[in-house]
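[1] The following comprises the amino acid sequence and a computationally predicted model.
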Amino acid sequence: MKLLDGRATSASIKEEIAQEVEAFIAKGGRKPHLAAILVGENGASVTYVNAKVKACEKVGFESTLVQLPDTISEEALLAEIEKLNNDATLDGFIVQLPLPEHIDESKVTMAISPEKDVDGFHPENIGLMALNLPTFLPATPYGIVQMLERYEVETSGKHCVVVGRSHIVGSPMSILMGRNAYPGNCTVTLTHSRTTNLMELCRTADILVVALGKPEFVTADYVKEGAVVVDVGITRVKDDSKKSGFRLLGDVKFDEVAPKSSFITPVPGGVGPMTIVSLLRNTLQAAKSRE
Ligand code: GUN
């Protein structure tokens, strides 16, 4: 078993990005600038957005955090987005999800200008991705494929089973793994809450990507000997022995699945740090395309 170490991989990619930023600025480019809109005070979202801002500083980007109350109306949020769309000092921005229930997430996603949509969630960018044309790839799936690439995981001709069809992870992941590219060229099965024979399907996976948000759902019984296991789950579970009051659990029961797998991501320290690196990559790409 080999660990897919997202912390180490993301640290080395961040160094590469920092060097690219230096070279870009030396040639007269402007510092890449990312903004994040955070609505409300959801604990996990605050942590993620702060990590994104910190990562920007680390690689030499400019960053702006726009904090809005969870009582904000959909209309007012859309007006904020329009401001950022028209802000010439910004290369890209994201709206951290989830949003409060009274706000329609798809309306918000569609309001972001595709050229600034460094999360890669706009339908235009999803369409370009599906056609294997240059675009911003959604951060989490992009992070996973970068990690598979770094570890030289073979994907061509393999059976990739994706568990969960969210717009953020499962659905784009299934598209990326089926593309005529590396990593990709897999035969892909996208499973979801209506899938009837989930365990049998998972047991046929050479590459198993689990993104359903149910802590330790995938046990050893779901995994074929030698499979590559990617755990996207990250659920906060109450734990009074921790200073924070919680610990993080993945969707995979790591201790019993790890011995069966050829590669596996830990939680935390697997997919999470790679997601942030993808956002940085997309922002740098946006800055370069603006020159
Ligand atoms: N919430 C969970 N993952 C993401 C992400 O990649 N982008 C945004 N904007 N919100 C998220």
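    Now that the structure is in, tell me what you want to look at.
[2] For the residue in the stretch 1-150 of the chain that the ligand sits nearest to, the count of nearby residues, please.
    Residue nearest to the ligand within the stretch 1-150 of the chain (Cβ to the nearest ligand atom): L97, separated by 3.7 Å. Heads up, the C-betas are built off the backbone N, CA and C, glycines and all. Using other Cβ atoms under 10 Å, L97 has 17 other residues around it.
[3] Thought E105 was touching it, still the case?
    Yes: counting by Cβ atoms under 8 Å, L97 touches E105, with 6.3 Å between them.
[4] Which parts of the stretch 1-150 of the chain are strands?
    For the stretch 1-150 of the chain, the strands defined by DSSP state E, counting those that start in this stretch cover 2-3, 33-39, 62-68, 92-95.
[5] contacting residues around the shortest one?
    Identification of contacts with strand 2-3 by Cβ atoms under 8 Å, 6 or more residues apart in numbering yields 151, 262-266.
[6] Let's see the PyMOL selection covering just the buried ones among the residues you listed.
    To isolate the buried subset of the contacts of strand 2-3 in PyMOL, counting by 16 or more other Cβ atoms under 10 Å, use the following:
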select buried, resi 262+263+264+265+266
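[7] Max pairwise distance over the contacts of strand 2-3: which two?
    Using Cβ to Cβ, the contacts of strand 2-3 span at most 14.8 Å, a distance reached by S262 and P266.
[8] thinking again about what came up before, output the contacts of strand 2-3 as TSV; include the columns pLDDT, distance to the ligand and secondary structure.
    Shown next, in TSV, are the contacts of strand 2-3 (pLDDT from 0 to 100; distance: Cβ to the nearest ligand atom, whole Å; DSSP: H, G, I helix; E, B strand; the rest coil):
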residue	pLDDT	distance to the ligand	secondary structure
Y151	98	22	coil
S262	98	27	coil
F263	98	23	strand
I264	98	21	strand
T265	98	16	coil
P266	98	18	coil
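[9] and of the contacts of strand 2-3, the nearest to R7?
    P266 (8.8 Å).
[10] Kindly list the main-chain dihedrals of the residue in the stretch 151-291 of the chain that the ligand sits nearest to?
    As assessed by Cβ to the nearest ligand atom, the ligand sits closest to I168 within the stretch 151-291 of the chain, at 5.2 Å. Main-chain dihedrals, I168, degrees, to the nearest 10: phi -80, psi -40.
[11] Kindly report the same for T196.
    phi -90, psi -30.
[12] Do me a favour and get the backbone dihedrals for the residue nearest to V163 when sequence neighbours are not counted.
    Of all residues not flanking V163 in the chain, V210 sits nearest, at 4.7 Å (Cβ to Cβ, 6 or more residues apart in numbering). Note on V210: its backbone torsions stand at phi -110, psi 120 [degrees, to the nearest 10].
[13] could we number from 7 for the rest of this?
    Happy to do that; since the first residue is 7 now, the last one works out to V216.
[14] so who does V216 touch?
    Counted by Cβ under 8 Å, 6+ apart, V216 has contacts 169-170, 223-224, 235-239, 256-258.
[15] In ChimeraX, select just the buried ones from the residues you listed.
    Command for ChimeraX that selects the buried part of the contacts of V216, burial taken from 16+ other Cβ under 10 Å:
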select :169,170,223,224,235,236,237,238,239,256,257,258
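[16] tell me the contacts of the residue nearest the centre of the chain?
    The residue lying closest to the centre of the chain (Cα atoms, centre = their mean) is T146, at 1.6 Å. For T146, the contact set (Cβ under 8 Å, 6+ apart) comprises 174-175, 179, 217, 238, 277, 280-281, 284.
[17] at 6 Å what do you get?
    Contacts for T146 (Cβ atoms under 6 Å, 6 or more residues apart in numbering) come out as 175, 281.
[18] Could you tell me what pLDDT the model assigned to it?
    pLDDT for T146: 97.
[19] Nearest to V243 among the contacts of strand 8-9?
    P272 (15.8 Å).
[20] What is the neighbour count of the residue nearest to the closest one when sequence neighbours are not counted?
    Using Cβ to Cβ, 6+ apart and skipping residues adjacent in sequence, the residue nearest P272 is L9, 6.1 Å away. A count of nearby residues for L9, using other Cβ under 10 Å, gives 16.
[21] Show me what L9 is bridged to.
    For L9, the beta-bridge partners under DSSP bridges are I270.
[22] V236 versus that one, what's the distance?
    Counting by Cβ to Cβ, to the nearest Å, the gap from L9 to V236 is 12 Å.
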